[in-house]
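Peer 1: Got a predicted model here, sequence first, then my questions.
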Amino acid sequence: MTTRRTTITHISHPPGVHPSDGYTHVVTGPGRVAAVAGQMPFDEDGELVGEGDPAAQTRQIFENMRGCLAAAGLTFDDVIKLTYYVTDIAHVPAVLAARDEFIDTTRPPASTVVQVVALYRPDLLLEVDALALTGADTVG
């Protein structure tokens with residue numbers, strides 16, 4: 001695996017933009033973008049984890065994401081953007097609390113939360129995708 005160090009810049013409070021709570025407005029850095037497809041709360045055997053429990057589903061999603069990032073030689077420190085698709089906006093506090101177990105909360109990625117009518121199965125409460133930066137010197 002290639003050793004790299006990506007310099008990521010977090011701009012939490014751009015001039016003229018209200019400060020955020022729990023996400024960074026702009027995250028940038030050198031390198032190439034790695035896109036992680038929407039992850040769902042399935043274990044490695046394809047079984048749903050956390051039926052009816054948004055925190056448990058979020059933890060499984062972030063474990064899956066950790067594996068996807070690792071396969072690309074990345075970690076959560078390289079994530080610059082997360083997009084959450086939730087079936088009920090009331091789940092967001094539990095989702096973000098579980099997310100905080102995985103990310104550096106002092107330098108959170110840019111984020112978007114969208115409430116959707118449904119996901120492809122009725123027992124899914126959320127799906128999360130990510131963008132990460134590979135180091136400029138990383139060969140993929």
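Peer 2: Looks like it came in fine. Numbers count the residues shown, from 1 in each chain.

Peer 1: From now on I want contacts and neighbour counts done on CA atoms only, so please keep to that.
Peer 2: OK.

Peer 1: And the next helix or strand past the longest helix anywhere in the chain?
Peer 2: With secondary structure taken from DSSP state H, the chain has its longest helix at helix 54-71. Along the chain past helix 54-71, the next helix or strand (assigned with DSSP states H and E) turns out to be strand 79-86.

Peer 1: Report back the residue of this protein that's furthest from centre.
Peer 2: For the chain, the residue at maximal distance from the C-alpha centroid (C-alpha atoms, centre = their mean) is G16, at 26.2 Å.

Peer 1: Can you give me the neighbour number for A132?
Peer 2: Per other C-alpha atoms under 10 Å, the neighbour tally for A132 reads 25.

Peer 1: by how many degrees do the longest helix of the chain and strand 79-86 diverge?
Peer 2: With axes from the mean of the first three to the mean of the last three C-alpha atoms, to 10 degrees as the basis, helix 54-71 and strand 79-86 are set at 150 degrees to each other.

Peer 1: Need the contact partners of helix 54-71.
Peer 2: Helix 54-71 is contacted from outside by 36, 39-43, 49-51, 75-76, 91, 94-95, 97-99, 102, 125-128, using C-alpha atoms under 8 Å, 6 or more residues apart in numbering.

Peer 1: same check, this time on stretch 121-131
Peer 2: By C-alpha under 8 Å, 6+ apart, the surrounding residues in contact with stretch 121-131 are 33-41, 51-54, 57-58, 61, 79-88, 119.

Peer 1: of those, buried ones?
Peer 2: 34, 36, 38-41, 54, 57-58, 61, 79-87 (16 or more other C-alpha atoms under 10 Å).

Peer 1: ok, which stretches of this structure are helices?
Peer 2: Taking DSSP H as the criterion, the chain carries its helices at 54-71, 92-99.

Peer 1: Understood, closing this out.
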